[in-house]
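Chemist: Fold the stuff below for me.
(one chain, ligands or ions: 1)
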Amino acid sequence: MVQRLDEAAIRQRLAALPGWERTGDAIRRTYRLATFRDAVFFVNAVAALAEGMNHHPDVDIRYRQVTLTLTTHSAGGLTDRDFELAAAIDRHTARWRGAGEAASAP
Ligand SMILES: C[C@H](O)[C@H](O)[C@H]1CNC2=NC(N)=NC(=O)C2=N1
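Modeler: Sure, this is the predicted structure:
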């Protein structure tokens with residue numbers, strides 16, 4: 001059973017994830033893609049990573065804006081799995097998120 005992280009560990013891991021923010025017992029990032037279709041393609045790429053890691057985000061799609069929220073439901077809070085999936089998403093999709101999202105990065 002994966003363990004919940006303490007505050008210091010959460011802060012340390014969050015510092016390594018630009019664009020992600022803490023929201024209660026979760027972390028969240030909003031991506032702005034070039035089109036609605038790109039937003040849906042992006043969510044499909046996230047779904048493949050989530051299935052491979054057996055760890056799944058909450059997904060909110062609004063036109064070309066996608067907000068991913070991550071928490072470990074079975075642990076009732078943030079664990080390493082959340083930060084691992086967040087890092088994998090950013091690593092595997094950075095290339096094709098391109099200017100659309102980079103331009104709007106915080
Ligand atoms: C049975 C299956 O392994 C579990 O339900 C997995 C699936 N994906 C999950 N995703 C997230 N975010 N938290 C979980 O606790 C979780 N548990």
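
Chemist: Please count neighbours and contacts with C-alpha atoms only from this point.
Modeler: Noted.

Chemist: what's in contact with the helix or strand of the chain with the lowest mean pLDDT?
Modeler: The least trusted helix or strand in the chain, going by mean pLDDT, DSSP states H and E, turns out to be helix 80-102, with a mean of 84. If you take CA atoms under 8 Å, 6 or more residues apart in numbering as the criterion, helix 80-102 is touched by 2, 4-5, 13-14, 17, 27, 31-34, 42, 45-46, 49-50, 53, 55, 70-72.

Chemist: are any of these buried, and which?
Modeler: Using 16 or more other CA atoms under 10 Å as the burial test, the contacts of helix 80-102 include 4, 13-14, 27, 31-34, 42, 46, 49-50, 55, 70-72 as buried.

Chemist: picking that back up, quick one: is the least confident helix or strand of the chain near the ligand?
Modeler: No: for helix 80-102, no contact with the ligand is found by CA under 6 Å from any ligand atom; the gap never falls below 7.0 Å.

Chemist: Sort out which residues of that helix are buried, please.
Modeler: Along helix 80-102, these residues count as buried under the neighbour rule (16+ other CA under 10 Å): 80-83, 85-89, 97, 100-101.
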